[in-house]
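Peer 1: What would the 3D arrangement of this be:
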Amino acid sequence: MAKKIKHKPGRPKKGQTQITREFVLDAAWDLIMEVGFEEFRLSGLAENLGIRTPSLYNHIQDLEDVRREIKRKSLQVLGDKLSLKLKNVNQGNERILDFLNAYRSFAKSHPHVYPLTIESAEFDPELKPLGDRILSICMEVFRFQTLDEIAVHRIRILRSLLHGFIVLEAVGGFGRKESVEESFKKITESLESGRLW
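Peer 2: So this is what the prediction gives:
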């Protein structure tokens, strides 16, 4: 059974940084970005913070609590990057290119937390707004007026195609000499022309 959150501040020694839930989660983010979630351990987090592992439970509930907060931050960062990239771009084709490049760039620069962003947030009331924000950006880029059946199918095709490319690239699945960038460009052109649909 998960331990109850006490939400009380740590008791730092003189000159030591005050430990709060936000401080612990920021440290968890940094450690996961370095070692990945599979290798992440609460004992390692406590060691990095210079406290005993049981003291973490003054600030977090358990490992799942940390995972959920890392997912929340991942969705926030991805949404921010997509929004910022597209902020000043008005042309349809440029928006698609920038959207795909920004999404791929996030996956490459955040390989350990990117998988959390592809999990559906539909059934989590707190995370759903972050997922809906990314969905809204996607709909704006591809000029989907409403989230009807056609739009849902097209977004699923887009996500499958983009995620498949990202995963294959990450594991070295493109071994032939032909340019990977050229292949990605052809995906972009197919989406821009609408031939993929």
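Peer 1: going forward, measure contacts between C-alpha atoms and count neighbours the same way
Peer 2: Fine.
Peer 1: Spell out which residues make up each domain of this structure.
Peer 2: With domains defined by the TED database, the chain comprises 21-60, 68-193.
Peer 1: Work out the gap between stretch 156-168 and the centre of the chain.
Peer 2: The chain centroid and the centroid of stretch 156-168 are separated by 15 Å, computed with CA atoms, centre = their mean, to the nearest Å.
Peer 1: and it, average pLDDT?
Peer 2: What stretch 156-168 shows for mean pLDDT is 95.
Peer 1: can you list the residues that contact that stretch?
Peer 2: Contact partners of stretch 156-168, identified using CA atoms under 8 Å, 6 or more residues apart in numbering, comprise 100, 104, 107-108, 174.
Peer 1: list the contacts for Met33?
Peer 2: The contact partners of Met33, by CA under 8 Å, 6+ apart, come to 110-113.
Peer 1: element containing it, please.
Peer 2: Assessed by DSSP states H and E, Met33 sits inside helix 21-35.
Peer 1: and after that helix, which helix or strand comes next?
Peer 2: Using DSSP H and E, the helix or strand that follows helix 21-35 towards the C-terminus is helix 42-49.
Peer 1: list the buried ones in that following helix?
Peer 2: If you call a residue buried by 16 or more other CA atoms under 10 Å, then helix 42-49 has these buried ones: 42, 45-46, 49.
Peer 1: Relative to His153, which of the contacts of stretch 156-168 is nearest.
Peer 2: Among those, Leu100 lies closest to His153 (CA to CA), at 17.9 Å.
Peer 1: can you count the residues close to the closest one?
Peer 2: By the measure other CA atoms under 10 Å, the count of residues near Leu100 is 20.
Peer 1: Would you mind measuring from it to Tyr114?
Peer 2: As for Leu100, its distance to Tyr114 is 15 Å (criterion: CA to CA, to the nearest Å).
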